[in-house]
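Colleague: Provide a 3D model corresponding to the input given below.
(2 chains)
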Amino acid sequence: GQQLNQSPQSMFIQEGEDVSMNCTSSSIFNTWLWYKQDPGEGPVLLIALYKAGELTSNGRLTAQFGITRKDSFLNISASIPSDVGIYFCAGQEGGTSYGKLTFGQGTILTVHP
Amino acid sequence: GAVVSQHPSRVICKSGTSVKIECRSLDFQATTMFWYRQFPKKSLMLMATSNEGSKATYEQGVEKDKFLINHASLTLSTLTVTSAHPEDSSFYICSASAPGGGNQPQHFGDGTRLSIL
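Modeller: Presented below is the predicted three-dimensional model:
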């Protein structure tokens, strides 16, 4: 099946620093999604990307859908302690609402005050 | 935004017990819902796709008789872990997509922590 390679696996940063993480795939996805998961909770959608080359921001978060449709990155600017958590990229197949998601391995983010 | 509710949030029970987990879409109708399993500090693994009014589609390696899925209405899907054993202990999460044109992203419930003693 399809696989997503997400990196880095973990990051330890100081509050105020910028963060960047990315995902690559061996095949094409129609939609890229970025989620954040806090311990003991379900993933929460951060940003959804629908078009190749699309660059979208949500507050301090910026994500881009790669031109080849096989990669995406997420940047977090001026990190704060509440940014701590696990970040997942996910690729969605097909053009319908019901496409299955393939998840990356996750990036564990730790922010030191 | 779309809200997905999952219940219960935590279950602790004896080996051999069957456990039912509910997933509800609160403010939209979901023809399709998804069930995932997640191990500590690992990614989400899709178990099955739940289709309203028809049989669920299971991923390779997932036992249909072990993980029974019922999607009887457009707002409710249930996952029953039958005769649960300690190896079934895990975090189970459901998701649903809001209807509408284009690619609607999946929204997730808060998960159910299942612990089998």
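Colleague: near chain B, which residues of chain A show up?
Modeller: A:30-31, A:33, A:35, A:40-45, A:48, A:50, A:86, A:88, A:92, A:95-101, A:103-106, A:108 (CB under 8 Å from any CB of the partner chain). Yep, even glycine has a C-beta here, placed from its N, CA and C like the rest.
Colleague: Quick check on the residues you listed: which are buried?
Modeller: A:30-31, A:33, A:35, A:41-43, A:45, A:48, A:50, A:86, A:88, A:92, A:97-101, A:103-106, A:108 (16 or more other CB atoms under 10 Å in any protein chain shown).
Colleague: From chain B, how far out is A:Asp71?
Modeller: Separation of A:Asp71 from chain B (CB to the nearest CB, to the nearest Å): 17 Å.
Colleague: tally of neighbours for the residue lying closest to that residue once chain neighbours are set aside?
Modeller: Leaving out its chain neighbours, the residue that sits closest to A:Asp71 by CB to CB, 6 or more residues apart in numbering or on different chains is A:Thr24, at 4.5 Å. Neighbour count for A:Thr24, taken as other CB atoms under 10 Å in any protein chain shown: 17.
Colleague: quick one: buried residues of the helix or strand encompassing A:Thr24?
Modeller: Assigned by DSSP states H and E, A:Thr24 belongs to strand A:19-25. Neighbour-count burial for strand A:19-25, counted by 16+ other CB under 10 Å, picks out A:Val19, A:Met21, A:Asn22, A:Cys23, A:Thr24, A:Ser25.
Colleague: Is the third one in contact with A:Asn75, as I believe?
Modeller: No. At 9.4 Å, A:Asn22 and A:Asn75 do not qualify as touching, with contact defined as CB atoms under 8 Å.
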